[in-house]
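> Any chance you could fold what I've pasted below:
(4 chains)
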Number of protein chains: 2
Amino acid sequence: MDAAQRSWRIIRELVLDHDRRKAVADAFGLSFVRVKALRRLVDGPLTMRELAARLATDPPYTTLIVDDLEQRGLVARSVDPRDRRAKIVTVTEAGADLARRAEQLLDVPPAALRELPADDLAVLERVLSALRPPGS
Amino acid sequence: MDAAQRSWRIIRELVLDHDRRKAVADAFGLSFVRVKALRRLVDGPLTMRELAARLATDPPYTTLIVDDLEQRGLVARSVDPRDRRAKIVTVTEAGADLARRAEQLLDVPPAALRELPADDLAVLERVLSALRPPGS
DNA sequence: GCAGATAGTTGTAGCTCTACAAGCATTGCT
DNA sequence: AGCAATGCTTGTAGAGCTACAACTATCTGC
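This next block holds a predicted model:
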């Protein structure tokens, strides 16, 4: 049991004890995967295939998700001009708005984390930022 | 967007991108909640009610989970002598063994975390350990 | 001792997601 | 042009979980 494992335990526990998925789903009347789809789409349109990869859902289920979001006016489907088999999925204004509000909810850190001393938080951020591909 | 929020984003992403729930469930032929039940029980027997609280499942579903685990010989139910309404759930040897192996799987940190420099990991652990109730 | 609360169980219905098979339209390869 | 591969859709079946109602057995407070 090394330092990475001990840290990982704490981290895992922190996230799992602070699961907001149900809260988010309830807040917007959408299942969590649907909200996640919108959150992935705000950074730019994706084809069904790309969206499926990011959601880790299979193509048939991705179709259902997008069908539902489309009926609610949160996304729009259009044919990819470069490959007419593919569909490009874009968020609407309403969809982007919902995604942003969901992200805000999810971004609220657990109280324990928020209450760490400022310098500890600074150190934490410095170390953690190495984990993230630079510029994301 | 403060330091806590930025750190939280990275942490959340780290855990969600490293979801081993399906891997664990597949590895043992048990749904993830069932494995979680065993993992909760290795620290000592619990009543149904206590177990339900730790799993965040309602009483009826908890009964199903324990029924299943009992049939597989992974837990045993006995009447609480101090309150004969209550049942005390205990892991068997086989159950404890499975729980330990599952924990080992879950404890493997994501590669990115494991590959941090040793001194960064030390700092990380120091800061994070403040998040955990001392002595757990 | 009785009324109400509590612990657990049984049963049912439904939602979300997974997994797979089969089909159509379009594209890329030869 | 013909054929395999690709992108998406439709349909179906089922696992896993949630939520609720109703019941029995036991306990607690008065």
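> Run through the neighbouring helices and strands of the helix or strand harbouring A:Val33.
Following DSSP states H and E, one finds A:Val33 within helix A:32-41. If you count contacts as 3 or more C-beta pairs under 8 Å, 6 or more residues apart in numbering or on different chains; DSSP states H and E, helix A:32-41 packs onto helix A:21-28, helix A:48-55, helix A:59-71, strand A:75-79, strand A:87-91, helix A:93-107. In short, each C-beta sits where N, CA and C put it, glycine included.
> which outside residues touch the fifth one?
Residues outside strand A:87-91 that contact it (C-beta atoms under 8 Å, 6 or more residues apart in numbering or on different chains) are A:38, A:41-42, A:45-48, A:51, A:66, A:74-80, A:99.
> go on, the second one?
Outside helix A:48-55, the residues that touch it by C-beta under 8 Å, 6+ apart are A:33, A:36-37, A:40-41, A:46, A:58-59, A:62-63, A:65-66, A:86-87, A:89.
> ok now do the residue most central in space within chain A, which residues does it touch?
With distances taken as C-alpha atoms, centre = their mean, A:Lys36 lies nearest the centre of chain A, 4.5 Å away. A:Lys36 is in contact with A:Leu55, counting by C-beta under 8 Å, 6+ apart.
> measure it to A:Leu51 for me?
Taking C-beta to C-beta, to the nearest Å as the measure, A:Lys36 falls 10 Å from A:Leu51.
> Flag every residue of chain A that's near DNA strand C.
A:31-34, A:56-58, A:60-61, A:64-65, A:83-85 (C-beta under 7 Å from any atom of the strand).
> From what I see, A:Asp17 and A:Ala112 are in contact.
No. Here A:Asp17 does not reach A:Ala112: they are 9.1 Å apart, not a contact under C-beta atoms under 8 Å.
> Which one's more surrounded, those two?
Taking other C-beta atoms under 10 Å in any protein chain shown, A:Asp17 and A:Ala112 do not tie; A:Ala112 has more neighbours (15 against 9).
> Report the spatially closest residue to the more buried one, excluding sequence-adjacent ones.
Among residues not flanking A:Ala112 along the chain, B:Leu131 sits closest, at 4.8 Å (C-beta to C-beta, 6 or more residues apart in numbering or on different chains).
> Count the neighbours of the one you found for me.
17.
> could you measure it against B:Trp8, distance?
12 Å.
> Quick check: neighbours shared by those two?
Residues touching both B:Leu131 and B:Trp8 (C-beta under 8 Å, 6+ apart): A:Leu113.
> Show the pLDDT at A:Pro133.
Listed pLDDT for A:Pro133 reads 67.
> Show me which residues of chain A sit near DNA strand D.
Residues of chain A that fall close to DNA strand D, judged by C-beta under 7 Å from any atom of the strand: A:22, A:47-49, A:52, A:59-60, A:62-64, A:66-67, A:77, A:80, A:83, A:85-87.
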